[in-house]
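3D, please:
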Amino acid sequence: MFNSIRTLLNVRHPDEEVRQRGRNIIVIALGLLGINLVVVISLLFNLSQVTRLFATSAVSVILYIFVIFITFRGFVELAGWLTVMISLVGTLAALFVTPNGLTIIFLAVPLVLAATVLSLRSLILVFLLTACSLAGIAFFLEPTPLSLTTRDFLIPVSLLCAFLGIVSFVQSAGNEALHRRLQAALQQAKQTADQLRLLNDELDRRVDAQTEALQEALSELEERTLQQDRLLAEVIAQRDVIRNLSVPVLPAGTDLLAIPLVGTIDQERLATIQQQALTAVEQRRARWLILDVTGVPFIDTGVAGGLIQLVQSVRLLGADVVLVGVRPEVAQTMVSLGIELPITHVYSDLAGAIEDLHHHTDHSRQNNRR
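You can find the predicted model right below:
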């Protein structure tokens, strides 16, 4: 039952204020419908009143059912007017058909209903209709059933209707003002929500654009890093090639190896000379290693120390070192620095050294044969 009532109160109208008035109409119509049903049932036990009131109550039941139906369908303004007019016409009909001094008080009911179920403009029209009804009663119902004068009877009722009309007007005006403020606040909230949505969309677009730009920058950076790695690998490979070419180990005979040195010798290059020389002596099983320093402009204590280590290492491999091409200025520098190399074979040029070493080798072989 409660689910049915909840469904019935779901008025089909887009405006929330109109839906609220529609729910008021349905609740009032259900209440009046229940009252008329009670009246109809009571008339069944009082047959003397059936012919006079049964038709009125039955028509009211049908009208209130119709009011509920059209309200549920969304025709709230029409349903409100029907509810008010049923009350007004019913009160006037009761006054003319069964005159009763107390019945006129019910003319205030349409004003109360109008304040609940109609808009402010419609309330003003209902107030005018009620005033016209009071004027009609003053002209057509004289004297009153209670034998009161027109002034004594109509003035209090008119004041009551006026008071209720003012209260209803204030209530309806306040409700409409509140509704307008709520609508304005709702509209402002919608505009704010739309602006926030636009800002969020713009922010999303900016974030997407920045993300895309960062992705492109990252991809470009990764590509540059790969290029730099490739270039660095090429540079390292070229440096190794240049290093190997800068310290060439040349075979000068069966047991002879020659290393021509050109340019300044630093610690890195000195280590390369040592490595290349020892490797070549071991691989070729050479007996003599010729160091040609004709192209070396300067030999200091650091270079001399490295050469001494080289001589000692070569001798441990079973070979000996020959020094060739010491320039005069280099010789003077070495003497002034007190550098003494443990080399017993020193020649002025490479050709003489090779020739002498060949003779020395041949002589050694002949002695070994004997």
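
what helices or strands is whichever strand or helix holds residue 41 leaning on?
Using DSSP states H and E, residue 41 sits within helix 16-43. Applying 3 or more CB pairs under 8 Å, 6 or more residues apart in numbering; DSSP states H and E, we find helix 16-43 packed against helix 50-72, helix 76-97, helix 108-117, helix 150-246. In this view, the C-beta of every residue, glycine as well, is placed from N, C-alpha and C.

return the most buried member of those.
Neighbour counts (mean count of other CB atoms under 10 Å) averaged over each of those peak at helix 108-117, with a mean of 24.

which strands or helices does that helix pack on?
Helix 108-117 packs on helix 16-43, helix 76-97, helix 120-140, helix 150-246, going by 3+ CB pairs under 8 Å, 6+ apart.

tilt between the first one and helix 108-117?
Taking axes from the mean of the first three to the mean of the last three CA atoms, to 10 degrees, one finds that helix 16-43 is oriented at 140 degrees with respect to helix 108-117.

got the angle between helix 16-43 and helix 76-97?
Going by the same axes, to 10 degrees, helix 16-43 makes 30 degrees with helix 76-97.

list the buried residues in helix 16-43.
For helix 16-43, a neighbour-count test (16 or more other CB atoms under 10 Å) marks 17-30, 32-33, 36, 39-40, 43 as buried.

let's have the helices and strands packed on helix 108-117 in TSV, adding mean pLDDT and distance to residue 70.
TSV is the format used below for those (pLDDT from 0 to 100; distance: least, CB to CB, whole Å):
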stretch	mean pLDDT	distance to residue 70
helix 16-43	75	9
helix 76-97	79	5
helix 120-140	78	16
helix 150-246	76	22
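
hang on, residue 311 packs against residue 321?
Yes: assessed by CB atoms under 8 Å, residue 311 is found in contact with residue 321 at 4.6 Å.

name the residues contacting each of these two.
Contact criterion CB atoms under 8 Å, 6 or more residues apart in numbering; residues shared by residue 311 and residue 321: residue 343.

so which of those two has more stuff around it?
residue 321 (24 against 20; other CB atoms under 10 Å).

quick check: which of the helices and strands packed on helix 108-117 is nearest to residue 285?
Closest to residue 285 of those is helix 150-246 (CB to CB; 20.9 Å).

tell me which other helices or strands whichever helix or strand comes after the closest one touches.
Next in sequence after helix 150-246, counting helices and strands by DSSP H and E, comes strand 250-251. Counting by 3+ CB pairs under 8 Å, 6+ apart, the packing neighbours recorded for strand 250-251 are strand 256-262.

who are the packing partners of the strand it packs on?
strand 250-251, helix 267-284, strand 288-295, helix 350-369.

name the residues that touch the first one?
Outside of strand 250-251, the residues that reach it under the criterion CB under 8 Å, 6+ apart are 257-260, 284.

where does the stretch 251-370 of the chain have low pLDDT?
362-370 (pLDDT under 70).

swap the cut-off to 90 and go again
251-277, 279-281, 283-288, 290-311, 314, 317-319, 321, 323, 325-370 (pLDDT under 90).

and the gap between the most centrally placed residue in the chain and residue 198?
Closest residue to the average C-alpha location of the chain: residue 204 at 6.5 Å, with CA atoms, centre = their mean. When distance is defined by CB to CB, to the nearest Å, residue 204 is 11 Å away from residue 198.

quick check: domain ranges of this structure?
2-177, 246-369 (automatic domain parsing).

with residue 230 as the reference, name the closest of the ones you listed.
Per CB to CB, nearest to residue 230 of those: domain 246-369, 23.8 Å.

how far does that closest one sit from its chain's centre?
73 Å (CA atoms, centre = their mean, to the nearest Å).

stretch 60-78 now?
Centre-to-centre, stretch 60-78 and its host chain are 49 Å apart (CA atoms, centre = their mean).
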